[in-house]
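Q: here is the input, now give the coordinates:
(one chain, ligands or ions: 1)
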Amino acid sequence: MKNTVLAALCAATFCGSAFAQSSAPIKVGLMLPATGTYAALGDMIEKGFKLHVQEQGGKLAGREIQYFKVDDESDPSKATDNVNKLIKRDNVDVLVGTVHSGVALAMAKAAKESNTLLIVPNAGADAITGPMCGPNIVRSSFSNWQPGYSTGVVAAQKGYKRAMTITWNYAAGQETVKGFREAFEKGGGQVLKDLNLPFPNVEFQALLTEIAAQKPDVVFAFFAGGGAVKFVKDYDAAGLKKTIPLFGSGFLTDGTLQAQGPSAQGLFTTLHYADSLDIPKNNAFRKAFALAYKQNADVYAVQGYDAAQLLGAGLAAVKGDLSKRDALAAAMRKATVDSPRGKFTLSPAGNPVQDMYLREARGENNEYRAVAVKALADPARGCKL
Ligand code: PHB
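A: Presented below is the predicted three-dimensional model:
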């Protein structure tokens, strides 16, 4: 008899709740941006997540997956209401989200208070795997500190001494810049000035004029999505690309190269992924993604795919039995994820310990150049488990 029919009979008659529970679909709440400067990022995360589930026949550990969706608009002021739609109204089993650090901080707070499982497929807010860490929270992406730090290592190794930084004035920008500064200063460099503007503003002109006047050896930038497209084009149009090298965490050129055109060509960034990473898992993933969606994968697609892989690993360990929630969460932390970025594990705080790659933008790919920092672990400052 089909599980669904049996479950319906059970619900109506005599079977124990255990069967009904273990045969019902798992409710996954996707809280991602569908509008605004990060809309494309949310779309790629969802596509990556669903690709892995599809590859498993639409099920994880034998359980069907049912999706509930909220567009968080990358708006922190709406985040608590939005996440409560998934937790309280839809009663989801697991939350997957989001892109924007400020929104993700509100999600982590709500997940902790309601003891809901949370898998973060992008937002790097350091606190999520720092002071706010918890056994029910893991990340398939990175901490903001990680790509900032690895870019600082590379910039110092290249011999640059005087840097300026430029970013949006919110957790992701501030923390990425902090990571850059830590490594750059350790390597003998000095940050002359941090420039910033409110998220998601793209009025860069006055700040670019200030960079031109100060003439640092190198500029470090964190922008992503639509804002990154505009920044890279404006930097070039201001004549700066020819005179002052522009470095960034890899989000500056990830998923954006087509729109950035010639302005992005040759830019160096570091990230935990490179399009051209020549390992079997990445080659298979990119092929499957292109086939399924008629577009090329990017880092956000990888993080969505790996969020589903993490959930799958947790569910497999408890044979799909969500009542064993603690064991499920613990199994995610013990998993080795066979990611398109290369295999990774989670730190005790729940953040990927991963190689950070130096990439160069060529055509529509961020091409692998070197390992910038091997197995970089976020310091997880303030995490007490
Ligand atoms: C963040 O807000 O944490 C964030 C957003 C977009 C990125 C990376 C980090 O590409």
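
Q: run through the residues of the stretch 101-250 of the chain sitting next to the ligand.
A: For the stretch 101-250 of the chain, the residues in contact with the ligand (C-beta under 6 Å from any ligand atom) are 101, 122, 123, 124, 125, 144, 172, 224. The way it works is simple: take the backbone N, C-alpha and C, and place the C-beta from them, glycine included.

Q: now neighbour count and distance to residue 110 too, for the residues you listed, in a markdown table please.
A: Listed next are these as a markdown table, based on neighbours: other C-beta atoms under 10 Å; distance: C-beta to C-beta, whole Å:
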| residue | neighbour count | distance to residue 110 |
| --- | --- | --- |
| 101 | 27 | 15 |
| 122 | 29 | 17 |
| 123 | 27 | 14 |
| 124 | 30 | 19 |
| 125 | 24 | 14 |
| 144 | 27 | 20 |
| 172 | 27 | 19 |
| 224 | 31 | 24 |
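
Q: so which of the residues you listed are in strands?
A: Among those, no member falls in strands (DSSP state E).

Q: quick check: the farthest pair among those residues?
A: Maximum pairwise distance among those (C-beta to C-beta): 13.9 Å, between 125 and 224.

Q: next, show the common contact partners of the two.
A: Here residue 125 and residue 224 share the contacting residues residue 172, scored by C-beta atoms under 8 Å, 6 or more residues apart in numbering.

Q: domain assignment for the chain?
A: Annotated domains of the chain cover 22-142+277-350, 145-271 [automatic domain parsing].

Q: so which of those domains gets nearest residue 385?
A: Across these, closest to residue 385 is domain 22-142+277-350 (C-beta to C-beta), at 6.3 Å.

Q: for the stretch 251-385 of the chain, which segments count as helices?
A: Secondary structure of the stretch 251-385 of the chain (DSSP state H, counting those that start in this stretch): helices at 257-260, 280-293, 299-317, 325-334.

Q: ok, stretch 269-276 near the ligand or not?
A: No. Judged by C-beta under 6 Å from any ligand atom, stretch 269-276 stays clear of the ligand, getting no closer than 9.4 Å.

Q: try stretch 377-385
A: No. Interface with the ligand: stretch 377-385 contributes nothing (C-beta under 6 Å from any ligand atom), its closest point being 13.1 Å away.

Q: list the contacts of residue 188.
A: Applying C-beta under 8 Å, 6+ apart, the residues near residue 188 are 156, 161.

Q: what about the strands in the stretch 151-300 of the chain?
A: 162-168, 190-197, 218-222, 246-249, 268-271 (DSSP state E, counting those that start in this stretch).

Q: do you know which of these lies nearest residue 316?
A: Among those, the nearest to residue 316 by C-beta to C-beta is strand 268-271 (28.6 Å).

Q: what's that closest one packed up against?
A: With contacts taken as 3 or more C-beta pairs under 8 Å, 6 or more residues apart in numbering; DSSP states H and E, strand 268-271 sits against helix 145-157, strand 246-249, strand 352-362, strand 365-376.

Q: let's see that with 10 Å instead.
A: Applying 3 or more C-beta pairs under 10 Å, 6 or more residues apart in numbering; DSSP states H and E, one finds that strand 268-271 makes contact with helix 145-157, strand 218-222, strand 246-249, strand 352-362, strand 365-376.
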